[in-house]
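Novice: what's the 3D shape of this:
(2 chains)
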Amino acid sequence: MIRAENLVKTFGDFTAVKGISFDVQQGEIFAFLGPNGAGKTTTIKMLTTLLKPTSGTIELDGLNPMHQQKEARRRFGIVFQDPSLDNEQTAYENMELHGILYHVPRKVRTERIEALLKIFELWDRRDDYVKQFSGGMKRRLEIARGFLHTPKILFLDEPTLGLDPQSRNQLWTHVKRLNETEKTTVFLTTHYMDEADRVAHRIAIIDHGKIIAQGSSAELKASTNTDSLEGAFLALTGESLRDESATSADAMRVMAKMWGGRR
Amino acid sequence: MSAIYILWLRELKRYVRSRVQILASLGQPVLYLLALGFGLGPVFQRAGNGSYLQFISPGIVGMSVLFTSVFSGIAILWDRQFGFLKETLVAPVSRMQIMLGRALGGATVAMIQGAIVFAVCLISGFRPQHWAAILPALGFMAMVAIVFSALGTALGSIIQDMQGFQLIMNFMVLPIFFLSGALYPLSHLPTALTVITSIDPLSYGIDGLRGALIGAWHFSFALDLTVLAIIAAAFLALGAYLFSKIQL
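Specialist: Model (predicted):
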């Protein structure tokens, strides 16, 4: 469903993405994990036609998003990492605008907007301007909007940043349901390893613009000899961090060193 | 088509909802109209050119259309910063439609603003040669609005920050206004100024407005119309091209 081959993106003399390749099957939930600045968002921007790759090829549902932009855009939905709402319009108007841009027929649109605003507990505030919303409410609206049309591929770029546990739970339940009932392919990034562990079928770990490991959560844990995804992640992405948290004994040693140094 | 409509509607809603801004943006044209219109009136009269208020009113209407339309085009900059631009850029709608919706919305808003300023002119004592003249004047207002909201969209597609906005304001919008014949007649100017004023698109818009409203043409109805139509098409094409090239 999503295929990337030798994808490279350079900004001036900085190379954000250094020749990554991956292949996401239809109906798969694929998590793209990596520390800040690893190249996750740049990759998502390239996959969603917002950025032109410097080199390499992308295929979305068999389409080249560079040349068949509109067709490709029809196939995916995206929840961005940073806000993309219109603050000067109401919650309902934001949903309506999205529905029209994505050609959701009027009747379906009205029904789905109501259902989604109710799921994310924004129905009572539907006529308030988005600029009056708290950060968490904006996030929820953004997610509700992402589900308004039913795309074949759903990109979620750190969707749970700043959400309370209730909304996070709601979001992942919804994502899983979509994935199971409509076979939606999901491509997500997150910093919460427990979320990736819970929902993702397959995980790729990216660091400094390169994919350094790919596989299921179990495979990643096995290959790094760790018992949690977080452990595996740290083992793969950082020397110093690995020392700190790979085992509790290591962590205590670090603590001891710290205290020792002070004395 | 519905995408163009919903984005056009968005521009309109934003305008209607910002009442304070509507009021604020009336300040400058009213100041020009009253301070210059009445202040320079006696000098203008003595030079044998008739009433300055009559002369300057179409210019002030043109000015407010210019500013409003360029600014609403440049508002892409805010949408870029607040993130809404992304939402429209990944939608399965051609960028051409998105750009058109925005530009037409901006032009409509500029028309409304121009109409309000025109009403202020009437209150201040301006009188068109006959009331039917308002119709062709509205036509010229619409063309000016489209030309400059397309230009604003083109500029908004390439500038990234407030500094860029300042640059455009000082080196483009203000010169376009001051070199357009909005404030002074275009005849008997030094050669350099004649050349510059004749390549300023707003000159033809102001001339059209003034010709329609008080019957004083510098160019001619046909020339104004042709030039504005060609420039509108060119700027719309440029705006659509630059907008389609936006990367985030």
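Novice: shouldn't residue A:158 be in contact with residue A:189?
Specialist: Yes: contact between residue A:158 and residue A:189 holds when scored by C-beta atoms under 8 Å: they sit 5.5 Å apart. Every residue, glycine included, has its C-beta placed from N, CA and C.
Novice: Looking at those two, which is more packed in?
Specialist: Remark: of residue A:158 and residue A:189, residue A:189 carries more neighbours, 23 against 18, as counted by other C-beta atoms under 10 Å in any protein chain shown.
Novice: how about that one, phi and psi?
Specialist: Main-chain torsions, residue A:189, degrees, to the nearest 10: phi -120, psi 150.
Novice: and if you look at residue A:186?
Specialist: Comment: the main-chain dihedrals of residue A:186 come out as phi -120, psi 130, following degrees, to the nearest 10.
Novice: which one is it nearest to, not counting chain neighbours?
Specialist: Counting by C-beta to C-beta, 6 or more residues apart in numbering or on different chains, the nearest residue to residue A:186 once its immediate chain neighbours are dropped is residue A:29, at 4.4 Å.
Novice: quick check: longest helix of chain B.
Specialist: Using DSSP state H to define each element, chain B has its longest helix at helix B:95-124.
Novice: If you could redo that for chain A, that was the one I meant.
Specialist: With secondary structure taken from DSSP H, chain A has its longest helix at helix A:165-182.
Novice: Please work out which residues outside that helix touch it.
Specialist: A:27, A:29, A:119-120, A:136, A:139-140, A:143, A:147, A:150, A:154, A:156, A:159-160, A:163, A:184-186, A:188, A:192, A:195, A:198-199 (C-beta atoms under 8 Å, 6 or more residues apart in numbering or on different chains).
Novice: List the buried residues for the helix or strand hosting residue B:213?
Specialist: Secondary structure assignment for residue B:213, by DSSP states H and E: helix B:201-214. Within helix B:201-214, the residues scored as buried using 16 or more other C-beta atoms under 10 Å in any protein chain shown are B:201-214.
Novice: And the helices in chain B?
Specialist: Assigned helices in chain B, in chain order: B:2-17, B:19-31, B:37-39, B:41-46, B:52-74, B:76-82, B:84-89, B:95-124, B:134-158, B:162-168, B:174-178, B:191-199, B:201-214, B:221-244 (criterion: DSSP H).
Novice: Now residue A:192. Nearest residue, chain neighbours left out?
Specialist: Nearest to residue A:192 is residue A:160, by C-beta to C-beta, 6+ apart, at 6.3 Å.
Novice: Quickly list what residue A:154 is bridged to.
Specialist: Residue A:154 has the following beta-bridge partners by DSSP bridges: residue A:77, residue A:186.
Novice: Wait, it touches residue A:183, no?
Specialist: No: with contact taken as C-beta under 8 Å, residue A:154 and residue A:183 are classed as non-touching, separated by 11.3 Å.
Novice: The two: which is more packed in?
Specialist: In terms of neighbours (other C-beta under 10 Å), residue A:154 is the more surrounded of residue A:154 and residue A:183; the figures are 23 against 12.
Novice: List the residues that contact that one.
Specialist: Taking C-beta under 8 Å, 6+ apart as the definition of contact, the neighbours of residue A:154 are A:76, A:77, A:78, A:79, A:146, A:175, A:178, A:184, A:185, A:186, A:187.
Novice: From chain B, how far out is residue A:179?
Specialist: With distances defined as C-beta to the nearest C-beta, to the nearest Å, the gap from residue A:179 to chain B amounts to 21 Å.
Novice: in the worst-scoring helix or strand of chain B on mean pLDDT, what's buried?
Specialist: Here the helix or strand of chain B ranked lowest by mean pLDDT, DSSP states H and E is helix B:162-168, holding a mean of 84. Neighbour counts over helix B:162-168 (16+ other C-beta under 10 Å) mark B:165, B:168 as buried.
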